[in-house]
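> sequence and predicted structure are below.
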Amino acid sequence: MPNYSKDSLFVLIKSLNRSEKRQFTLYVNRLQNNSDAKFILLFNALDKMEYYDEQLILKQGITTKQQLSNLKANLYRSILSSLRMNPSKKNVRIQIREQLDFATILYQKGLHKQSLKILDKAKLLAFDLEEKTLALEIIELEKVIESQYITRSIAGRADELIEQSDRLSKQYVYATRLSNLSLKFYSEMLTSGYAKSEEDKQRIISHFKDQLLDINFDVLSFREKLWYFKAHVWRCFLIQDYRGAYRYSLSWVNLFYNHPKMIQSHPIWYLKGNSYLFKLILMFKSVERYLYWNNRLENVLNVDTFPQSENIDSQAFLLQFSNKLNIEFIKQTYDGSLLFVKQLQRGLNEYKNMIDEHHFLVLYFKVAALYFGYKKYEDSLKYTNMILFNTRHAVQEDLLFHTRILSLMAQFDSGNDEKYDEYVKANKLLILKMKNHTPIHDSFMKLFEGLSHIYPDQQKKLFTSFVVEAQDLFKNKYYRRSILYIDVLNWARMKID
């Protein structure tokens, strides 16, 4: 994967399509005669670069080293202003904020009734789409206008604004608490990982209950219910209650199907909910359920009214490509076409600045596992090497460990085992540093280390010993996640048979 610069301005310019570049040029030239302005010259120079090179900019004499920082900041703001005026970038939140800005300008000019008229329309839209933060901002400005000027807009205006403000404030408190709880569990997942014991599980459950004691689900609106389901999904993942996680992710997705207009307003959360749902259906290996929910997703994505943006498109690509891989895994027939794998490289090139590299590495791992299932070991090793020899991104330890295990399986089955002992040694060293080290990791390594030191006629005994040990370890539900990556246990059983 190319090592693209992290310079914010360069990445922003490279994300622009031809239409957006043209609009930016029209925007700056419409304001004043900027054809020779330094930041236009800088824009053109950066647009032509394949990689960010500050020395090349200075050699071209566009600006001095001391002025470059201010020039880049000026150009960055101008591009964002141009994009803000682009109708294709105006989602509902930008539209409501724009109306709020217009109303503020009218208020400052003393045109109070005109300001209130715009605010009233914007508030109805904010209520309809449950944009509570924006609705509160609108109501606060309405209060300012009503409290300073005799508008005589409607009778009982004060009581109406007070009631709306109180209701929104209560809902906002619920949403804040639930979003904080969801974020807390997500953070714990990243830093500490899954519960490793019954004590961990009870601590998580107790903390969760304390935060939800006085929250009545029946009074929650769409936004609060969304955070409610998200918090429950993460709680269930942490304690490895996958059936519970499936129920709440299903409720999350159905919440959107029951409120279709919210898909337009919150497409990313719609996609994320589906992502968790598919992950859990894959665990239960239900082909019918997977195909049913995938068809519903595809029907939504193929509608012309589904929102379009680089961010949304990149997340949709990740989900759709992952689903194609998962359907192959869940069927386990390995008799389909792998032509769609070529889409991965196209997606990598198109969304390289919008998707973090970890997600691509996970897809590489899935592709490697799929090729292994097809017994195309050379292709499998090609994709595992794309993870193992990645020097520009820190690979998560769990992904690194299981990638080496998959590579060892491919090397063993193909006979192409030049790096076999090297990978065994590297994984043993990794185990010593792992934060979430479990006995199942040791069991895996004992198997693969043993295979390199015994004769072929002794392998069946070693595989049998591993199966007995692994089956006993997997009685502990907190170790079972290790088999979700690659089924080493079933692979060993096949070697015995």
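Sure, I can see it. Please read all numbers here as calculations on a predicted model, not as lab measurements. Numbers count the residues shown, from 1 in each chain.
> could you use CA atoms for every contact and neighbour count after this?
Fine.
> residues contacting the helix or strand harbouring residue 268, please?
Using DSSP states H and E, residue 268 falls within helix 267-284. With contacts defined as Cα atoms under 8 Å, 6 or more residues apart in numbering, helix 267-284 is touched by 242, 245-246, 249-250, 252-253, 256, 263, 289-290, 297, 306-307, 312, 315-316, 319, 323, 326, 330, 484.
> let's see 7 Å
242, 246, 249-250, 252-253, 256, 263, 290, 312, 316, 319, 326, 330 (Cα atoms under 7 Å, 6 or more residues apart in numbering).
> now do stretch 131-148
100, 112, 116, 119, 123, 126-127, 161, 165, 168, 172.
> break the chain into its domains for me.
8-89, 92-173, 242-333, 356-497 (automatic domain parsing).
> one step back: and the helix holding residue 268, how far out from the chain's middle?
Centre-to-centre, helix 267-284 and its host chain are 11 Å apart (Cα atoms, centre = their mean, to the nearest Å).
> from residue 381, how far out is the spatially closest residue to residue 437 that is not a sequence neighbour?
Nearest non-adjacent residue to residue 437, counting by Cα to Cα, 6 or more residues apart in numbering: residue 431, 6.4 Å away. Applying Cα to Cα, to the nearest Å, the value for residue 431 to residue 381 is 22 Å.
> neighbour count winner among those two?
residue 381 (24 against 18; other Cα atoms under 10 Å).
> count of residues packed around the nearest residue to the more buried one once chain neighbours are set aside?
Computed as Cα to Cα, 6+ apart, the closest residue to residue 381 that is not its neighbour in sequence is residue 407, at 6.0 Å. By other Cα under 10 Å, 26 other residues sit near residue 407.
> would you agree residue 407 is in contact with residue 384?
Yes - when contacts are counted by Cα atoms under 7 Å, residue 407 is listed as touching residue 384 (6.3 Å).
> put the buried members of the contacts of helix 267-284 into a PyMOL selection.
Buried subset of these, written as a PyMOL selection, criterion 16 or more other Cα atoms under 10 Å:
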select buried, resi 242+246+249+250+252+253+256+263+290+316+319+326+330
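> between the contacts of helix 267-284, which is closest to residue 77?
Minimum distance to residue 77 across these is 22.8 Å, recorded for residue 312 (Cα to Cα).
> now what about the helix or strand harbouring the closest one, what contacts it?
Taking DSSP H and E as the criterion, residue 312 maps to helix 310-331. Surrounding helix 310-331, the residues in contact under the criterion Cα under 7 Å, 6+ apart are 268, 271, 275, 282, 285, 287, 334, 351, 354-355.
> send me that helix as PDB with only the CA atoms.
Provided in PDB are the C-alpha atoms of helix 310-331 (Å, rounded to 0.1, in the frame of the first residue of the first chain):
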ATOM      1  CA  GLU A 310     -16.800   9.900   0.000                       C
ATOM      2  CA  ASN A 311     -17.200   8.800   3.600                       C
ATOM      3  CA  ILE A 312     -20.500   7.000   3.100                       C
ATOM      4  CA  ASP A 313     -19.300   5.300  -0.100                       C
ATOM      5  CA  SER A 314     -16.100   4.100   1.500                       C
ATOM      6  CA  GLN A 315     -18.000   2.500   4.400                       C
ATOM      7  CA  ALA A 316     -20.500   1.000   2.000                       C
ATOM      8  CA  PHE A 317     -17.700  -0.500   0.000                       C
ATOM      9  CA  LEU A 318     -16.100  -2.100   3.200                       C
ATOM     10  CA  LEU A 319     -19.500  -3.600   4.200                       C
ATOM     11  CA  GLN A 320     -20.400  -4.900   0.700                       C
ATOM     12  CA  PHE A 321     -17.000  -6.400   0.000                       C
ATOM     13  CA  SER A 322     -16.900  -8.000   3.500                       C
ATOM     14  CA  ASN A 323     -20.300  -9.500   2.900                       C
ATOM     15  CA  LYS A 324     -19.200 -11.100  -0.400                       C
ATOM     16  CA  LEU A 325     -16.300 -12.800   1.500                       C
ATOM     17  CA  ASN A 326     -18.500 -13.800   4.400                       C
ATOM     18  CA  ILE A 327     -21.100 -15.400   2.200                       C
ATOM     19  CA  GLU A 328     -18.400 -17.600   0.700                       C
ATOM     20  CA  PHE A 329     -17.200 -18.500   4.300                       C
ATOM     21  CA  ILE A 330     -20.700 -19.200   5.600                       C
ATOM     22  CA  LYS A 331     -21.600 -21.500   2.600                       C
END
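> quick one: buried residues of the helix or strand harbouring residue 412?
Counting by DSSP H and E, the element that carries residue 412 is helix 397-414. Across helix 397-414, burial judged by 16+ other Cα under 10 Å covers 397-412.
> circling back: next SSE after the helix holding residue 312?
The first helix or strand that comes after helix 310-331 along the chain, using DSSP H and E, is helix 342-350.
> on that earlier part again, list just the nearest of the buried residues of helix 397-414 to residue 236.
Out of the buried residues of helix 397-414, the member with the shortest distance to residue 236 (by Cα to Cα) is residue 398, at 19.9 Å.
> any idea how far residue 100 is from that closest one?
Noted for residue 398: a distance of 47 Å to residue 100, by Cα to Cα.
> circling back to that earlier point, need the contact partners of the helix holding residue 412.
Helix 397-414 has contacts (Cα under 7 Å, 6+ apart) with 365, 372, 377, 381, 384, 417, 420, 423, 427, 434.
> burial of residue 390, as a residue count?
Neighbours of residue 390 (other Cα under 10 Å): 12.
> now do the SS call for it.
Three-state call for residue 390 (DSSP: H, G, I helix; E, B strand; the rest coil): coil.
> so what's it up against?
Contacts of residue 390 by Cα under 7 Å, 6+ apart: none found.
> same deal with residue 22?
Applying Cα under 7 Å, 6+ apart to residue 22 gives no contacts.
> now name the helix or strand holding it.
If you go by DSSP H and E, residue 22 is part of helix 18-31.
> following that helix, which helix or strand shows up next?
Of the helices and strands lying after helix 18-31 in sequence (DSSP H and E), the nearest is helix 38-48.
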